[in-house]
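>>> Can you look at this prediction? I've put the sequence above it.
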Amino acid sequence: MNSYAQQNQPPGVPPLKLTGERTLPDVPAENYWYRRHLAVYEWIAARVRGAAVLDMACGEGYGSAVLADTARSVVGVDGNPEAHDHARLRYTRPGLSFEWGAVESYGEPGAFDAVVFLQTIEHVADPAAVLAHFSSLLAPRGVAYVSTPNLLTIAPPGAAKSDNPWHLREYRAEEFSALCRGVFGRVEMLGLFHARKLRAHELALGLGWDHVHRRLGITKAFYDRFTPAISSRDFALRSSGLDRALDFLAVCRT
């Protein structure tokens with residue numbers, strides 16, 4: 001079994017493999033990153049009840065399916081043919097559909113109450129133009145939800161970006177806020193942080209847990225149990241201390 005490919009997919013649904021470009025469910029070694037992204041999707045889902053939602057760069061489709069739990073309709077859009085085929089085969093329910101398309105051009109003006117664009121703006125060459133396009137897609141009183149990693153916690157100290165080859169640019173809180181405010185009239189900035197057992201683990205690392213588990217020879221056994229047990233409840237969004245956040249979420253209104 002390939003530990004970097006999806007496991008236990010439904011019949012007729014081809015599994016996807018990790019490439020570093022997107023996260024995936026059903027890959028035990030990837031569970032931390034999957035739950036980290038899922039926490040934000042769940043937070044948004046609670047705020048788009050009854051809305052027409054566009055999930056741009058939806059990837060594997062799991063987030064679109066979460067949004068469809070509450071939204072009136074969800075369209076998940078991705079430009080990768082493999083991801084698109086996987087999503088439309090795996091996630092089938094009323095009100096949820098998947099389209100192949102580009103984030104720069106998909107959609108009709110005023111067609112959506114919410115546009116969701118998570119962990120992708122760091123991949124695009126002209127982020128301001130993409131945000132302006134999203135603004136045009138929103139109906140009156142519509143909201144765009146845009147997330148991105150925090151440069152200060154994903155990259156080595158002093159580096160301009162991390163070593164992720166798919167990322168063109170990574171942002172500090174004030175840089176990401178300025179980018180969004182250059183397009184939208186009202187922007188609320190939130191940060192994603194560790195909570196519950198991940199916060200306890202974070203504190204333990206500060207007290208030297210890394211040295212302890214290596215000395216005891218239990219590193220693999222510990223993380224083989226710990227990583228799959230992480231849930232989306234082990235992350236929390238809040239508006240303070242953004243420089244220490246894992247990711248940023250901008251809630252944008254025209």
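Yep, that arrived. Predicted model, so just to flag it, every value in this text is computed and none were measured.

>>> just the helices in this protein please.
31-45, 62-67, 81-90, 127-137, 151-154, 173-181, 196-206, 209-216, 219-229 (DSSP state H).

>>> Least confident of those, on average?
The minimum mean pLDDT among the helices of the chain belongs to helix 209-216 (a mean of 89).

>>> Take it, keep the C-alpha atoms, and write them as CSV.
Extracted as CSV, the C-alpha positions of helix 209-216 are listed here (Å, rounded to 0.1, in the frame of the first residue of the first chain):
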residue,chain,number,x,y,z
TRP,A,209,9.3,16.3,24.1
ASP,A,210,11.3,15.9,20.9
HIS,A,211,14.4,14.9,22.9
VAL,A,212,12.4,12.6,25.1
HIS,A,213,10.7,10.5,22.4
ARG,A,214,13.9,10.1,20.5
ARG,A,215,15.8,9.0,23.6
LEU,A,216,13.1,6.5,24.5
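
>>> can you pull the buried residues of it?
His213 (16 or more other CB atoms under 10 Å). The C-beta positions use only the backbone N, C-alpha and C, and glycine is treated the same way.

>>> ok, and what's touching that helix?
For helix 209-216, contacts defined as CB atoms under 8 Å, 6 or more residues apart in numbering pick out 201, 219, 222.

>>> now stretch 70-87
Contacts for stretch 70-87 (CB under 8 Å, 6+ apart): 13-16, 22, 45-46, 48-61, 63-64, 67-68, 91, 95-103, 106-107, 112, 114.

>>> Try it again at 7 Å.
The contact list for stretch 70-87 (CB atoms under 7 Å, 6 or more residues apart in numbering) reads 13-14, 16, 45-46, 48-61, 64, 67-68, 95-102, 106.

>>> From the chain's centroid, how far away is it?
14 Å (CA atoms, centre = their mean, to the nearest Å).

>>> between the longest strand along the chain and helix 127-137, how many degrees?
In terms of residue count, the longest strand belonging to the chain (DSSP state E) is strand 138-149. If you take axes from the mean of the first three to the mean of the last three CA atoms, to 10 degrees, strand 138-149 sits at 150 degrees to helix 127-137.

>>> Pull out the buried residues from strand 138-149.
Neighbour count says strand 138-149 has 138, 142-149 buried, by 16+ other CB under 10 Å.

>>> and if you look at stretch 77-92?
Neighbour-count burial for stretch 77-92, counted by 16+ other CB under 10 Å, picks out 77-78, 80, 83-91.

>>> Please name whichever of the helices of the chain is nearest to Met189.
Set against Met189 and scored by CB to CB, these come closest in helix 173-181, at 5.2 Å.

>>> residues in contact with the closest one?
Under CB under 7 Å, 6+ apart, the answer for helix 173-181 is 127-128, 131, 146, 148, 150, 187, 189, 242-243, 248, 250, 252.

>>> redo that, cut-off 10 Å
By CB atoms under 10 Å, 6 or more residues apart in numbering, the residues outside helix 173-181 that reach it are 121-122, 127-128, 131, 144, 146-152, 169-172, 186-189, 191, 241-245, 247-252.

>>> Take the helices of the chain and lay them out in TSV including distance to Ala160.
As requested, those are exported to TSV (distance: least, CB to CB, whole Å):
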stretch	distance to Ala160
helix 31-45	22
helix 62-67	29
helix 81-90	28
helix 127-137	16
helix 151-154	8
helix 173-181	12
helix 196-206	25
helix 209-216	27
helix 219-229	29
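
>>> Name the stretch among these that sits most buried.
Among the helices of the chain, helix 62-67 has the highest mean neighbour count (mean count of other CB atoms under 10 Å), at a mean of 24.

>>> could I get the buried residues of strand 138-149 as JSON lines with pLDDT and distance to Leu205?
As requested, the buried residues of strand 138-149 are exported to JSON lines (pLDDT from 0 to 100; distance: CB to CB, whole Å):
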{"residue": "Leu138", "pLDDT": "98", "distance to Leu205": "41"}
{"residue": "Gly142", "pLDDT": "98", "distance to Leu205": "41"}
{"residue": "Val143", "pLDDT": "98", "distance to Leu205": "36"}
{"residue": "Ala144", "pLDDT": "98", "distance to Leu205": "35"}
{"residue": "Tyr145", "pLDDT": "98", "distance to Leu205": "30"}
{"residue": "Val146", "pLDDT": "98", "distance to Leu205": "30"}
{"residue": "Ser147", "pLDDT": "98", "distance to Leu205": "24"}
{"residue": "Thr148", "pLDDT": "98", "distance to Leu205": "24"}
{"residue": "Pro149", "pLDDT": "98", "distance to Leu205": "19"}
